[in-house]
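Peer 1: this is a predicted model, with the sequence first.
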Amino acid sequence: KTPNLTTITSSSTSFAVASGVLYNKDKTSIFASVSNITSLNIPNTVTSIGGYSFENRKQLTSVTGGYKLTSMGLRVFGGCDKMEYIFINQPSTINLSVYSDPYHNTFAGLPSTCRIYIPNATTISNVKNTDATVINNRLGTSSVCWYINNATLYLLPISSATGAVAMPDATSSALWEYSKYNSEIKKVRPDLMINVSNTYCRLNSIGAYAFYNMSNLVSLDCYNMDEVTKIGNYAFANTGLNTISDNHIYAGKVSTIGSNAFNNTKFTTFSLTSFSALKTIGSSAFKNVPLTSITLPSTVESIGLGAFESTKLETFAIPNSLQTLSDGSGSALYGTTTLKSITGGSTVYTVKDNGVYKNTTLVQGCKNTIIQSNTTVLTANCLANMGLTTITIPNSVTSITGLTGNTFSYIYDNRTSATNVDPS
């Protein structure tokens, strides 16, 4: 049995001790645990862990790191009864030891509740000789992997990655493996990783359908989203998401929020002002979200069809940067019947092609709508289903076909020639 040990004399030419672990002098090999540690982070320098190194360390609950780890001896963590997870971020080859008696295999002796995360685990021979659950935690063939700790889903690059890497898209019919653990995941945190070359790596996107239908997910931690530029289509749709952590100042490079990205989430208020590079909000991005207020940054240029459909917004402030409040087939505010006023934006509005466009748009207020005096055509349901009760039509309008689905108390028609009017 290895005695508890805290120091090795600095004059030793063979050994070193750090954080309760005994190494060779250059820290490429681990020989033993020499104190009752509760967690282990395997340094980047380590390539091998000797057999029985952490056997019966009853307080050890987690293992991470191991970016250059290539071999592990017999029963390395046997008897570690409190071990919750082992995350070895090494996507290449790890030689695991096996023995004629399975009792001595590398991951033998771990509790059945423990999860072992190894990118490309399915390609590593003998990895399944354990009672613990072994998970191939790489997202397809991408440079992104994941693990779960304390109800938080961590997403990060694999150790061989360089720079900023993209999280791949999933599909509604083939979600990523972590979706199986929906019942326990409350928070998601994109994380950084210091790779084998000792440089920082981060994600630069949140893929489509990344957390689709994960109903217990309530929080997004943006602390390490410094490089993220895109949140994909349906990324958080149908989740319980209602909070973006105080660290959302780190989302300053996000330029695109995809269609349906936050559809049917639980936000009541949402401030995007710290998304200081945001230019595009996709169609139905916040559809069916019980929003009573939203604050947009001054950088937004385009908002797609129904982006705020069936919300509870009463006011909507258009940033001066906005160029398109539609995707060409309908208004971003289509079906938002609670609106009382729209403020801001360009001083010139007309309506055209079933949408609301800067310099070719119309709406100034909703329940009591005044159409700008230079508007000429109201077409293709441009104001349909907006909950309007009164409307003032200027003399400039020559054609109206876009007012269906409203219950008007008053229509103030200031035109001298009411031609081509849709009676609906």
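Peer 2: It's in. Numbering: from 1, shown residues only.
Peer 1: hey, let's count contacts and neighbours off CA atoms from now on
Peer 2: Noted.
Peer 1: low-confidence stretches in the stretch 101-250 of the chain?
Peer 2: Applying pLDDT under 70 to the stretch 101-250 of the chain flags the ranges 128-129, 246-249.
Peer 1: try 80 this time
Peer 2: Applying pLDDT under 80 to the stretch 101-250 of the chain picks out residues 122-130, 196, 245-250.
Peer 1: from the centroid of the protein, which residue is nearest?
Peer 2: Ile206 (4.9 Å; C-alpha atoms, centre = their mean).
Peer 1: can you map out the strands along the stretch 201-350 of the chain?
Peer 2: 205-206, 219-220, 230-231, 243-244, 256-257, 269-271, 280-281, 293-295, 302-303, 315-318, 324-325, 341-344, 349-352 (DSSP state E, counting those that start in this stretch).
Peer 1: would you mind putting those into a markdown table with distance to Val63 alongside?
Peer 2: Shown next, in a markdown table, are the strands of the stretch 201-350 of the chain (distance: least, C-alpha to C-alpha, whole Å):
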| stretch | distance to Val63 |
| --- | --- |
| strand 205-206 | 26 |
| strand 219-220 | 24 |
| strand 230-231 | 30 |
| strand 243-244 | 28 |
| strand 256-257 | 35 |
| strand 269-271 | 37 |
| strand 280-281 | 40 |
| strand 293-295 | 41 |
| strand 302-303 | 45 |
| strand 315-318 | 49 |
| strand 324-325 | 49 |
| strand 341-344 | 53 |
| strand 349-352 | 60 |
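Peer 1: most tightly packed of those?
Peer 2: strand 302-303 (a mean of 26; mean count of other C-alpha atoms under 10 Å).
Peer 1: so which elements touch it?
Peer 2: Using 3 or more C-alpha pairs under 8 Å, 6 or more residues apart in numbering; DSSP states H and E, the elements in contact with strand 302-303 are strand 280-281, strand 324-325.
Peer 1: the ones you listed: lowest mean pLDDT?
Peer 2: Of all the helices and strands packed on strand 302-303, the minimum mean pLDDT falls on strand 324-325 (a mean of 62).
Peer 1: for Lys266, what are its contacts?
Peer 2: Taking C-alpha atoms under 8 Å, 6 or more residues apart in numbering as the criterion, Lys266 is in contact with 239-242, 289-290.
Peer 1: no, scratch that, I was asking about Gly79
Peer 2: By C-alpha under 8 Å, 6+ apart, the contact set of Gly79 is 55-58, 109-110.
Peer 1: then Thr295?
Peer 2: Taking C-alpha under 8 Å, 6+ apart, we find Thr295 in contact with 270-273, 317.
Peer 1: equivalent analysis for Ala132, please.
Peer 2: By C-alpha under 8 Å, 6+ apart, the contact set of Ala132 is 107, 110-116.
Peer 1: would you point out the most distant pair within those?
Peer 2: Greatest spacing in those, by C-alpha to C-alpha: Phe107 and Thr113 (13.0 Å).
Peer 1: neighbour count: the two, which is higher?
Peer 2: The neighbour comparison of Phe107 against Thr113 (other C-alpha atoms under 10 Å) goes to Phe107, with 28 against 14.
Peer 1: distance of the more buried one from Asn136?
Peer 2: Distance of Phe107 to Asn136, computed by C-alpha to C-alpha, to the nearest Å: 15 Å.
Peer 1: wait, Phe270 touches Ser293, no?
Peer 2: Yes. Contact criterion C-alpha atoms under 8 Å: Phe270 and Ser293 qualify, at 6.7 Å.
Peer 1: ok, now how distant is Val289 from Arg75?
Peer 2: 51 Å.
Peer 1: same check, this time on Pro102
Peer 2: 9 Å.
Peer 1: and Phe211, by the same measure?
Peer 2: Distance of Phe211 to Arg75, computed by C-alpha to C-alpha: 36 Å.
Peer 1: Leu155: what's it in contact with?
Peer 2: Here Leu155 is in contact with 144-147, 188-191 (C-alpha under 8 Å, 6+ apart).
Peer 1: give me the neighbour count for Ser19.
Peer 2: 14.
Peer 1: could you do Ser92 as well?
Peer 2: By other C-alpha under 10 Å, 17 other residues sit near Ser92.
Peer 1: what does Asp26 give?
Peer 2: So Asp26, with other C-alpha under 10 Å, has 12 neighbours.
Peer 1: before we move on, what about Tyr209?
Peer 2: Neighbour count of Tyr209, defined by other C-alpha under 10 Å: 25.
Peer 1: ditto for Ser160
Peer 2: 17.
Peer 1: right, and it touches Asn198 too?
Peer 2: No. Judged on C-alpha under 8 Å, Ser160 makes no contact with Asn198 at a distance of 10.5 Å.
Peer 1: show me what contacts Thr133?
Peer 2: Going by C-alpha under 8 Å, 6+ apart, the list of residues near Thr133 reads 112-116.
Peer 1: go with 10 Å
Peer 2: Counting by C-alpha atoms under 10 Å, 6 or more residues apart in numbering, Thr133 makes contact with 85, 110-117.
Peer 1: near Gly232, how many other residues are there?
Peer 2: Per other C-alpha under 10 Å, the neighbour tally for Gly232 reads 25.
Peer 1: over to Met72?
Peer 2: Other residues near Met72 come to 24 when the count uses other C-alpha under 10 Å.
Peer 1: could I get the phi/psi values of it?
Peer 2: phi -140, psi 140 (degrees, to the nearest 10).
Peer 1: one more: Pro102?
Peer 2: Residue torsions, per degrees, to the nearest 10, at Pro102 are phi -50, psi -20.
Peer 1: do Tyr178 as well
Peer 2: Torsion angles, degrees, to the nearest 10, at Tyr178: phi -60, psi -20.
Peer 1: that one and Ala151 touch, don't they?
Peer 2: No. Tyr178 is not in contact with Ala151 according to C-alpha atoms under 10 Å; the separation is 11.9 Å.
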